[in-house]
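Novice: after the sequence you'll find the predicted model.
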Amino acid sequence: MNTKHPLLREIQKGESKTLEFKQQLPKGQQIAKTLIAFANSSGGKLIVGVSDDRQLVGIQEDIFDLQDKITSMIYELCSPQLAVQIYIENIAGVELLVVEVARGSLFPYYLKPMGREQGTYIRLGASNRVASPENIQQLELQRLNVSFDSLANYQYPLEKLDLTVLETAFKAADKALNLEKMLNLKLVIEEQGQRYASHGLLILLGKYEHVMTQCARFKGTNMSVFLDRKEYTGNLFSQIEQTEIFIKNHLSLRAEIRGLKRYDYLEIPENAIREALINAYVHRDYSNFGRNIKVAVYDDLVNIVSPGGLPNGLIEADLLQGRSEIRNRVLARVFRELGYIEHWGSGLQRIKQMCEAEKLATPEFLETNDFFDVKLYRPQVQIVSDDSSNKTDDHGRLRVITDDSIPNFEHLSLEQQQILSFAFEHGKLNRSDVMQLLNIEKSKAFELLKSLMELGLLRRNGQGRATTYYFVIGE
């Protein structure tokens, strides 16, 4: 069988947001629901003649009769009318019928017998779901080419709002913020002589309950055990800053020796973390008032999950090609104005490049149902051996040692921390080093070294004057 056939490659990957296959033509409204869901989402193909286990079985009945049935079904059941192509695809002598639907523009599409409120379907992953009222509202806004955050909230006249946070942010970026600027950015909407705050302005100021970030540090690689959790509310600038601090506090530093100086870096590049956070806050779906951003730090990765799948028909393959579809235009313009965003569509590419440059596993960007999921992988823990020559990698950098593998460094005394820092940087040390480092007597140096050995943080090698101590981990 010709495995190079592009349609066959799609089939072999399995059903997805843009692909569904059936062994035979579905009965009733099932095919119409799938085609409507495709039109309301990213478009897609329904292939008839493929079994559930991805085997090509071909069409068992007259293909032209099938084409007529599908055409009639679309006309009778779907509204507005769909842009559909129906054609035959021959793969190694097996005939398949393909019904290809383009992403529409007359949203929302729905089943006529059920009406718009109950009969609108969207595509989530490889399944069709009845659209919620929020989904329908988003589709209507897409038809009008309007974003949710640019709409006025008539309960918030402008004069009742404290804009200090926003003014401070613009001033820090050396930008002016006046009424004209706020009108141009659609932070303020003027109607019939009255000025109202847009959803975008209220989101930035943190006036909605669902504008919240929940952060957690879990022990291990699943959610079984909490080590720490925080919940951040308030303006978006503060939430981004606090969330970034939370992540950093639960990551480890790696060290790099350049000449005689040591430089400390986070195990995941700070700019990659910040870029992922900005992406989450700018592109999440704020029209659904029941969900918020969630950030989780595990032993192996940092996970940032934001509500709302990919906007406006994007699929995962588009992301790393630099295609940009902006869900929240007001927020995006403000963050661009303040320097948080450099170039449209380049953020995920930069995250990938920064992590790969540090020899980290390639980050993952996934649309999972109605959420967007970013996974930034932490480096694997490596044990520093007795041989100080093994202390560095092939690039001369110190091996990464994660805080989670050593017991509560912050609870050690300052003297103990200084000893460990010296041992970590130099690979080993002796009692004379400790005496000189801390300007203490021999007995005190021995007492400190002994305490660190009892905690499992130092290991002794040799005897008498030849005794050396090594920083160890994972034992």
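Specialist: Perfect, thanks for sending it.
Novice: ok so Asp264 is a strand residue?
Specialist: Yes - note on Asp264: a strand contains this position according to DSSP: H, G, I helix; E, B strand; the rest coil.
Novice: which residue is the nearest non-sequential neighbour of Lys186?
Specialist: Of all residues beyond its chain neighbours, the one nearest Lys186 is Ser150 (4.5 Å), with distances taken as CB to CB, 6 or more residues apart in numbering. Where C-beta positions appear, they are placed from N, C-alpha and C, glycine not excepted.
Novice: does Ile88 count as helix, strand or coil?
Specialist: Ile88 falls in the strand class when you classify it by three-state DSSP.
Novice: I'd like to know how far it sits from Lys27.
Specialist: From Ile88 over to Lys27 the distance is 21 Å, taken as CB to CB, to the nearest Å.
Novice: who has more neighbours out of the two?
Specialist: Neighbour count, other CB atoms under 10 Å: between Ile88 and Lys27, Ile88 has more, with 14 against 7.
Novice: lowest-pLDDT helix or strand in this structure?
Specialist: Ranked by mean pLDDT, DSSP states H and E, the weakest helix or strand in the chain is helix 316-319, scoring a mean of 67.
Novice: pull out the buried residues from whichever helix or strand comes after that one.
Specialist: Toward the C-terminal end, the helix or strand that comes next after helix 316-319 (DSSP states H and E) is helix 329-337. Using 16 or more other CB atoms under 10 Å as the burial criterion, the residues of helix 329-337 that qualify are Arg329, Val330, Leu331, Ala332, Arg333, Val334, Phe335, Glu337.
Novice: adding pLDDT and distance to Gly462, write those out as JSON lines.
Specialist: JSON lines is the format used below for these (pLDDT from 0 to 100; distance: CB to CB, whole Å):
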{"residue": "Arg329", "pLDDT": "94", "distance to Gly462": "67"}
{"residue": "Val330", "pLDDT": "97", "distance to Gly462": "66"}
{"residue": "Leu331", "pLDDT": "96", "distance to Gly462": "61"}
{"residue": "Ala332", "pLDDT": "93", "distance to Gly462": "62"}
{"residue": "Arg333", "pLDDT": "94", "distance to Gly462": "65"}
{"residue": "Val334", "pLDDT": "96", "distance to Gly462": "62"}
{"residue": "Phe335", "pLDDT": "94", "distance to Gly462": "58"}
{"residue": "Glu337", "pLDDT": "93", "distance to Gly462": "62"}
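Novice: make TSV out of these and add distance to Arg103.
Specialist: Formatted as TSV, the entries for those read as follows, by distance: CB to CB, whole Å:
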residue	distance to Arg103
Arg329	19
Val330	24
Leu331	24
Ala332	21
Arg333	25
Val334	28
Phe335	27
Glu337	30
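Novice: between those residues, which sits nearest Ser451?
Specialist: Proximity to Ser451 was ranked across the buried residues of helix 329-337 by CB to CB; first place goes to Phe335, at 49.0 Å.
Novice: contacting residues for that closest one?
Specialist: Counting by CB atoms under 8 Å, 6 or more residues apart in numbering, Phe335 makes contact with Ile278, Val282, Ile341.
Novice: what's the helix or strand for Gln418?
Specialist: Taking DSSP H and E as the definition, Gln418 sits inside helix 414-426.
Novice: name the next helix or strand following that helix along the chain.
Specialist: Taking DSSP H and E as the definition, the helix or strand that follows helix 414-426 towards the C-terminus is strand 428-429.
Novice: now do that following strand: distance to the chain's middle.
Specialist: 41 Å (CA atoms, centre = their mean, to the nearest Å).
Novice: phi and psi next, for the spatially most central residue of the chain.
Specialist: The centroid of the chain falls nearest to Val374 when counting by CA atoms, centre = their mean (2.6 Å). Dihedral angles of Val374 (phi, psi; degrees, to the nearest 10) stand at phi -110, psi 130.
Novice: who's it bridged to?
Specialist: According to DSSP bridges, the residues that bridge with Val374 are Ile304, Phe365.
Novice: surely it is in contact with Cys355?
Specialist: No - when contacts are counted by CB atoms under 8 Å, Val374 is not listed as touching Cys355 (11.0 Å).
Novice: now do the shared contacts for the two.
Specialist: Here Val374 and Cys355 have Pro363 as joint contacts, going by CB under 8 Å, 6+ apart.
Novice: where does the prediction get shaky in this protein?
Specialist: For the chain, applying pLDDT under 70 flags the ranges 1-3, 255-263, 312-314, 316-324, 343-346, 381-411, 424-427, 471-475.
Novice: how does it divide into domains?
Specialist: The chain is divided into the following domains under automatic domain parsing: 6-143, 146-379, 406-471.
Novice: starting at the chain centroid, how far to the shortest one?
Specialist: The gap between where domain 406-471 is centred and where its chain is centred comes out at 41 Å by CA atoms, centre = their mean.
Novice: same question, the longest one
Specialist: The gap between where domain 146-379 is centred and where its chain is centred comes out at 9 Å by CA atoms, centre = their mean.
Novice: cool, and stretch 134-148?
Specialist: For stretch 134-148, the separation from the chain centroid amounts to 23 Å (computed by CA atoms, centre = their mean).
Novice: thinking Leu19 is in contact with Gly44, fair?
Specialist: Yes - here Leu19 lies in contact with Gly44, judged by CB under 8 Å, at a distance of 6.0 Å.
Novice: give me the more crowded residue out of these two.
Specialist: Neighbours were counted for Leu19 and for Gly44 using other CB under 10 Å; Gly44 has more, 23 against 18.
Novice: and that one, what is it in contact with?
Specialist: Applying CB under 8 Å, 6+ apart, one finds that Gly44 lies in contact with Lys17, Thr18, Leu19, Glu20, Thr34, Ala37, Phe38, Glu100, Val101, Arg123.
Novice: go on, Lys175?
Specialist: Lys175 neighbours (CB under 8 Å, 6+ apart): Glu337, Leu338.
Novice: tell me the strands in the stretch 51-200 of the chain, going along the chain?
Specialist: Counting by DSSP state E, counting those that start in this stretch, residue ranges of the strands within the stretch 51-200 of the chain are 78-79, 84-91, 94-101, 110-111, 121-124, 127-130, 152-157, 188-191, 194-198.
Novice: what would these look like in TSV with distance to Leu56?
Specialist: Conversion of these to TSV gives the following (distance: least, CB to CB, whole Å):
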stretch	distance to Leu56
strand 78-79	28
strand 84-91	6
strand 94-101	4
strand 110-111	30
strand 121-124	23
strand 127-130	23
strand 152-157	53
strand 188-191	55
strand 194-198	52
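Novice: any idea which of those strands gets closest to Gln67?
Specialist: Of the strands of the stretch 51-200 of the chain, nearest to Gln67 by CB to CB is strand 84-91, at 5.1 Å.
Novice: for that closest one, name the packing helices and strands.
Specialist: Using 3 or more CB pairs under 8 Å, 6 or more residues apart in numbering; DSSP states H and E as the contact criterion, the neighbours of strand 84-91 among helices and strands are helix 6-13, helix 63-77, strand 94-101.
Novice: pairing partners for it, with directions?
Specialist: Note on strand 84-91: by DSSP bridges, its sheet partners are strand 94-101 (antiparallel).
Novice: for the residue nearest to Asn369 when sequence neighbours are not counted, what are its contacts?
Specialist: On the basis of CB to CB, 6+ apart, the spatially nearest residue to Asn369 that is not a chain neighbour turns out to be Leu124, at 4.9 Å. Leu124 is in contact with Lys17, Gly309, Asn369, Asp370, counting by CB under 8 Å, 6+ apart.
Novice: and for Phe289?
Specialist: By CB under 8 Å, 6+ apart, the residues touching Phe289 are Tyr208, Glu209, His210.
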